[in-house]
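>>> Structure, please.
(one chain, ligands or ions: 1)
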Amino acid sequence: MSESGRQPDRAAGRQGAPRRRRPHSTSRDLERYADLFAKRTQVMRSSAMRDLMAITARPEVISLAGGLPDTSTFPADSFAAQMTRIAQESSAEALQYGPTEGFEETKACIVEVMEAEGMAPDPEDLIVTTGGQQAIDLITKTLVDPGDPVICEAPTYPGALPTFCSYEADIHQVGTDEDGMRIDELEEQLGALARAGRRPKFIYSVPSFQNPAGVTLSEERRRRLVELAREHEVVVVEDNPYGLLRYDGDPQPTLYSLDGGDYVLYLGTFSKILSPGIRIGWVAAPPPVLEKIGLGKQAADLCTSTLTQYFVREYFGEGRWREYVDDLVGIYRERRDLMLHALERHFPEQAQWTRPEGGLFVWATLPDYIDTTDLLAKALREEVAFVPGRAAYVDGRGAASMRLNFSASPEEELREGVRRIGSVVSEQVALYETITREHVQAPSEDDRGGGADVVPMPKRE
Ligand SMILES: Cc1ncc(COP(=O)(O)O)c(C=O)c1O
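Sure thing, here's the model as predicted:
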C-alpha cells in the first residue's frame, strides 16, 4: 500500500519509475498514419456521450449526461454470493469460450424478460450479444451497404448514429412528438424514397421511453408502424432497453408482439434492468437473419462473455429479478419526479421539456437562440454536464435541446445539477433579452417549420 492507502500505480514500471505518458496526437502525427486508415474511418463519428464520459468522470462534476442505471442499488452481498457459487461450482466452464449464439440458459432468462412484456419468442430465434450496442452494430453490418437508406427518429439514440455512419448508411430522420415517431411523416418519407426507387434497409425505433426524448409511441401508431412495415416490406428494428422501467400509465404492446416477429427485429439488453457492466444484450429475429448476424458476431468477438452469462444464469436462478426491477422502478420514479420538480423551479419559463412515463431521460428544449453545445462549456465550468441535443441528429438540428438523465444521481445531486444548469440557462436568456430588449417565448412547433427537432410538451398546463 502507498502512504495514501491506495495500491501503488500499476502503470509504474518494475523499478517504480513512472511510465512516460504519450503526449496527445498532434495533427502531424495523424498525417503520418493517414495513408493507413480505411476510407470508412472518414465517416466514423464519435458518440458524444462517450466523449462526455471522459470529462464527467471527474468526481466533482455532477453528470446528468450519462445514460447510466444506478448500479449501487444492486445488493453487493448477493453479487458476491453469486460469483462465489460460480467460482466454486463452474469455474472451468465459466472461464472458457462459449457458443457464438449464447448459452441456452441465458436464452431462457431472455425469454423470461421478453415474456414480462407480453412476447413469447422461440429460443431458436435469439442470439446473445455483447450489449444492445453490439446488436445495433451487427444488424447494421448485416443489412446495410454504403449509401443504403436507414430511417430513424428525430431525435434518435445518440449511440446508434456512429454505428449507422460507420457502415455509411444514408440516414433519414423522422420527427417525433409526445406520442413518439410521427407516422404521418414516416409515410411521407417512405413514399418519397419509393418514388426515387429506393427502399430503406430498416426503420430504427426506440418506441418506449425513448432515448433521448423520453417519449413513448402510442398504441395506435405502433399498430400503424407495423402495418406500414408489411405494406412496404421494410424491416423495423425495435430497440427496447427501457420497456420494463415504467413509472406511470399502461404498458404498450411491443412492436415485436404486434408483428409476430416477421418484419420486426427486436433488440433487448440486461443493461438497464440488471447491469451494463456485464455487457449482455440480444437480438430476436427470424433464423435466416440470425444466421448472418451470427457470422458477423463470430468475426467481431467469437462469443459474448461466458463469465457474465453464468452470472445472469445464477441471478435469474434465484427467481427475484422482478423484485429488483420493481425496486429500480420505485427509485427512478422518485428521481424523475424530483427532476421535473427541479426543472419547474430552476429553468426559465422560456424552456419546455418532456414528462417521461418511464426510462431514464428528460429532453429539454430552450429558446432557439441558445446553442446547448456552447452552453455545455459554460455548464462544465459550473461542474455540471448534460448531452447537447445535436448528438441525436445527423444534420445539425437539436441545437437548442439537451438530454438530462435522472437515474444515475442521488436526490441531492440531481436537484443541485438541475439548479446549476438552470442558472446557466437563465443567464443566457437574461443576456439575450438585455441585448435585444425583447422577451422571447419558447418557439412554437409552427415557428420551427414542422418542429421535427422539438418534442413539444408545454411546461405548464
Ligand atoms: C436505445 C439504446 N439502445 C442501446 C443501448 C446500448 O445498451 P447496452 O448497454 O446494452 O449496449 C442504449 C444504452 O443506453 C440505449 O439507450
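>>> C-alpha only now, for contacts and for neighbours.
Will do.
>>> what are the ranges of the helices in the stretch 301-450 of the chain?
The residue ranges that make up the helices of the stretch 301-450 of the chain, judged by DSSP state H, counting those that start in this stretch, are 306-317, 321-346, 372-381, 411-436.
>>> The ligand is nearest to which of those?
Judged by C-alpha to the nearest ligand atom, the one of the helices of the stretch 301-450 of the chain that comes nearest to the ligand is helix 306-317, at 13.1 Å.
>>> Quick check: residues of the stretch 101-250 of the chain near the ligand?
131-133, 157, 206, 211, 239, 241 (C-alpha under 6 Å from any ligand atom).
>>> Go through those and give me the one with the most neighbours.
Within these, neighbour counts (other C-alpha atoms under 10 Å) peak at N211, which reaches 29 neighbours.
>>> just to revisit the earlier point, okay, and which of the residues of the stretch 101-250 of the chain next to the ligand map to strands?
Assignment to strands by DSSP state E places the following of these there: D239.
>>> now the residues of the stretch 101-250 of the chain next to the ligand as a markdown table including pLDDT and distance to R45?
Rendered in a markdown table, the data for these read as follows (pLDDT from 0 to 100; distance: C-alpha to C-alpha, whole Å):
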| residue | pLDDT | distance to R45 |
| --- | --- | --- |
| G131 | 98 | 20 |
| G132 | 98 | 19 |
| Q133 | 98 | 15 |
| Y157 | 97 | 14 |
| V206 | 98 | 21 |
| N211 | 97 | 19 |
| D239 | 98 | 21 |
| P241 | 98 | 23 |
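>>> Can you tell me which of the residues of the stretch 101-250 of the chain next to the ligand end up in helices?
Using DSSP state H, the subset of these located in helices is 131-133.
>>> Columns mean pLDDT on top of the helices of the stretch 301-450 of the chain, output as CSV?
As requested, those are exported to CSV (pLDDT from 0 to 100):
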stretch, mean pLDDT
helix 306-317, 98
helix 321-346, 98
helix 372-381, 94
helix 411-436, 94
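>>> Reformat those helices as a markdown table; add mean neighbour count.
Below are the helices of the stretch 301-450 of the chain laid out as a markdown table (neighbours: other C-alpha atoms under 10 Å):
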| stretch | mean neighbour count |
| --- | --- |
| helix 306-317 | 19 |
| helix 321-346 | 18 |
| helix 372-381 | 18 |
| helix 411-436 | 18 |
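>>> Take the ones you listed and lay them out in a markdown table including distance to V215.
Putting those into a markdown table (distance: least, C-alpha to C-alpha, whole Å) gives the following:
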| stretch | distance to V215 |
| --- | --- |
| helix 306-317 | 29 |
| helix 321-346 | 13 |
| helix 372-381 | 20 |
| helix 411-436 | 20 |
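>>> And for A364, the neighbour number?
If we define neighbours as other C-alpha under 10 Å, then A364 has 26 of them.
>>> Not counting sequence-adjacent ones, nearest residue to it?
Beyond its immediate neighbours in the sequence, the residue positioned closest to A364 (C-alpha to C-alpha, 6 or more residues apart in numbering) is W353, lying 4.1 Å away.
>>> Then Y157?
Across the structure, with C-alpha to C-alpha, 6+ apart as the measure, the residue nearest Y157 apart from its sequence neighbours is N211 (5.2 Å).
>>> again, but for I171
For I171, the nearest residue in space outside its immediate sequence neighbours is V150; the separation is 5.0 Å by C-alpha to C-alpha, 6+ apart.
>>> hang on, that neighbour in a strand?
Yes - using DSSP: H, G, I helix; E, B strand; the rest coil, the secondary structure at V150 is a strand.
>>> wait, it sits on V174?
No - because the distance of 10.7 Å does not satisfy C-alpha atoms under 8 Å, V150 is recorded as not touching V174.
>>> Neighbour count: those two, which is higher?
Ranked by neighbour count (other C-alpha under 10 Å), V150 and V174 place V174 first, with 23 against 20.
>>> How about the more buried one: which residues does it bridge to?
Taking DSSP bridges as the rule, V174 bridges to E153.
>>> ok so, going back, how much space between the residue nearest to I171 and Y204?
Separation of V150 from Y204 (C-alpha to C-alpha, to the nearest Å): 7 Å.
>>> Over to G330?
Note on G330: its distance to Y204, by C-alpha to C-alpha, is 29 Å.
>>> which one among the residues of the stretch 101-250 of the chain next to the ligand gets closest to L340?
Proximity to L340 was ranked across those by C-alpha to C-alpha; first place goes to N211, at 16.8 Å.
>>> Grab the nearest non-local neighbour of T308.
Of all residues not flanking T308 in the chain, I278 sits nearest, at 5.4 Å (C-alpha to C-alpha, 6+ apart).
>>> so what's the one you found up against?
Under the criterion of C-alpha atoms under 8 Å, 6 or more residues apart in numbering, the neighbours of I278 are 271, 305, 308.
>>> Phi, psi for it please.
Recorded main-chain torsions at I278 are phi -80, psi -10, according to degrees, to the nearest 10.
>>> what do you get for V236?
Dihedral angles (degrees, to the nearest 10) for V236: phi -110, psi 130.
>>> Would you map out the domains in the chain?
39-68+324-437, 76-317 (automatic domain parsing).
>>> what ranges do the helices span in the stretch 1-150 of the chain?
If DSSP H, counting those that start in this stretch is used as the criterion, the helices of the stretch 1-150 of the chain fall at 27-33, 48-56, 76-94, 104-115, 131-143.
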